[in-house]
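**Student:** please find the sequence and the predicted model below.
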Amino acid sequence: MNGQDPTDGPLLQVRDLTVLAGRQPLVQDVSFELAAGERVGLIGASGSGKSVTCMAIAGLLADGLTAGGSVQLTGTGELLTRSERGWAEVRGSRVGMVFQEPMTALNPTMRVGRQVAEAMRLHGTDRSTANRAAVDLLAAVDLPDPDRLATAYPHQLSGGQRQRVVLAMAMANQPDLLICDEPTTALDVTVQAKVLQLIDDRAAAAGSAVLFISHDLAVVASLCDRLLVMYQGRVVEHGSVVEVLTAPRHPHTRQLLADSELAPADGAAEADAGDR
């Protein structure tokens, strides 16, 4: 990573971000900043625009969606106008990503160690160095017997293990910004806690800022410094974790709090025997 001093100004600046599907707005006038090393949670119910915002910032919007406004990362200038070739220079080096379903991020026909190594080779690391570092990264995300697991295919790993591989890939080049979009939703609660701790530890070790998208207030409260609440495509509330969770101002925030107290997180799966 580039080791930006927090006093140099914000690492990420999002200004008046709007995402359209044709003429239909999915995200409207979203603005926020993220400092180097800061953790910000983006929360809201399903369909509130959290993931679309995340995809726009990462340059991964689906076909048919268009983004307007401004997204700037220190040292790269405007991101929304970059070509795919230009984005390839940023993703994986300056920006790392961990999404909800690891199988969509992993190549099912490639051994996992090679996939972690490829994340480094794409940004200039030589093959032998990348191969050695890949095993070290698998160990760093607490995978047992990393030398053996490096030779496994994704389908041979449990869900929690696959998510750790994706985290290793995301952190391979020590990115300035780590974007996590519901990365623990499909995991058992015990495994979820381990993966959250790993995200916390690896981001801290690299000095990475974290943008963490979730509908689960307990999850973001355990990791983040600040919260942004989205509702119907807009940010309707923001503040420190303590401010938002103890004195919510918007009705949607209050509803999220009520729902979190009444029910466990959606999508929790049974514990994976491979996650010990």
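**Tutor:** In hand now; what should we look at?

**Student:** how far does the helix or strand Ala193 falls within sit from its chain's centre?
**Tutor:** Using DSSP states H and E, the element containing Ala193 is helix 189-206. Its chain's C-alpha centre and that of helix 189-206 lie 12 Å apart, by C-alpha atoms, centre = their mean, to the nearest Å.

**Student:** and His238, helix, strand or coil?
**Tutor:** Counting by DSSP: H, G, I helix; E, B strand; the rest coil, the backbone at His238 sits in strand.

**Student:** let me fix that, I meant to ask about Val116.
**Tutor:** helix.

**Student:** any idea how far it is from Leu12?
**Tutor:** 25 Å (C-beta to C-beta, to the nearest Å). For glycine as for every other residue, the C-beta is placed from the backbone atoms N, C-alpha and C.

**Student:** against Lys50, how distant is the spatially closest residue to Phe99 that is not a sequence neighbour?
**Tutor:** The shortest distance from Phe99 to any non-neighbouring residue, by C-beta to C-beta, 6 or more residues apart in numbering, is to Asp181 (4.9 Å). Distance of Asp181 to Lys50, computed by C-beta to C-beta: 8 Å.

**Student:** what's the answer for Ala186, then?
**Tutor:** 16 Å.

**Student:** next: Met171.
**Tutor:** To Lys50, Met171 is 22 Å away according to C-beta to C-beta.

**Student:** and the helices in the stretch 1-150 of the chain?
**Tutor:** 50-57, 84-90, 112-121, 127-140, 146-149 (DSSP state H, counting those that start in this stretch).

**Student:** which one's more surrounded, Ala186 and Lys50?
**Tutor:** Remark: of Ala186 and Lys50, Lys50 carries more neighbours, 24 against 19, as counted by other C-beta atoms under 10 Å.

**Student:** what sits against that one?
**Tutor:** Going by C-beta atoms under 8 Å, 6 or more residues apart in numbering, Lys50 touches Leu42, Ile43, Gly44, Asp181, Ile213, Ser214, His215, Met230.

**Student:** contact partners for Leu65?
**Tutor:** Per C-beta under 8 Å, 6+ apart, neighbours of Leu65: Val19, Leu20, Ala21, Leu26, Val52, Ala56.

**Student:** are any of the residues you listed buried, and which?
**Tutor:** Buried subset of the contacts of Leu65 (neighbour count, 16 or more other C-beta atoms under 10 Å): Val19, Leu26, Val52, Ala56.

**Student:** which residues sit in contact with the second one?
**Tutor:** Which is Leu26. Val19, Leu20, Gly49, Val52, Leu65, Gly233.

**Student:** kindly reformat those residues as JSON lines containing distance to Glu38.
**Tutor:** Listed next are these as JSON lines, based on distance: C-beta to C-beta, whole Å:
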{"residue": "Val19", "distance to Glu38": "23"}
{"residue": "Leu20", "distance to Glu38": "29"}
{"residue": "Gly49", "distance to Glu38": "21"}
{"residue": "Val52", "distance to Glu38": "22"}
{"residue": "Leu65", "distance to Glu38": "27"}
{"residue": "Gly233", "distance to Glu38": "24"}
